[in-house]
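> generate a structure from the sequence data that follows.
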Amino acid sequence: ELELELESEQGAQRDASGRNASHATKLELFKKIGTVNDVGGGQDSTEIVMKYVMGQIVELRLAAYELLTAVANIHMGANTLMRFGGFFEFLCNRNLEIVREGKLLKYELVKAVVKSDVMGLLADGIVKMLKQVVADGPFFVKSVREVVMME
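Numbers count the residues shown, from 1 in each chain. Okay, here's the model as predicted:
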């Protein structure tokens, strides 16, 4: 009970912009992944988590998707993710994930980015492509004819 009361009190605290103060704490915790795991290579948190998303171990990949989606759902979280080189291309590439659960989790990640405040900072073409990924759904596959015509 005490723990629930503490959480509700923290949830009620707002920062100067009116946002939930715990968003900043959550983003700081995410950034600590890079700080704690950096062994001199200068890796940031997004880079470390993206290695798991691109990895072969399905369970780790799915957990990494969930972590990235949670980060995208907090204030300035999607901004942090979109600054990572190649993240936009990763979101739009539908051929990287082969597991059904992974496709669903990646789709949820894209939806979280589209719903975030970072969309107002992105170029129109990028916004259009992300919205198209959401409109196409998690299991979209380009037809062979589309691929041939694009080349």
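> so, low pLDDT: which residues of this structure?
Judged by pLDDT under 70, the chain has its weakly predicted residues at 1-21, 39-41, 144-151.
> mind doing that once more with 90?
1-24, 31-32, 34-44, 75, 141-151 (pLDDT under 90).
> so which helix or strand takes in the residue nearest the centre of the chain?
For the chain, the residue nearest the mean C-alpha position is L68 (3.8 Å; Cα atoms, centre = their mean). Assigned by DSSP states H and E, L68 belongs to helix 58-72.
> what helices and strands are in contact with that helix?
helix 22-37, helix 45-53, helix 77-82, helix 100-115 (3 or more Cβ pairs under 8 Å, 6 or more residues apart in numbering; DSSP states H and E). To be clear about C-beta, it is placed using only N, CA and C from the backbone, and glycine gets the same treatment.
> give the buried residues for the second one.
Buried positions in helix 45-53, judged by neighbour count with 16 or more other Cβ atoms under 10 Å: S45, T46, E47, I48, V49, M50, Y52, V53.
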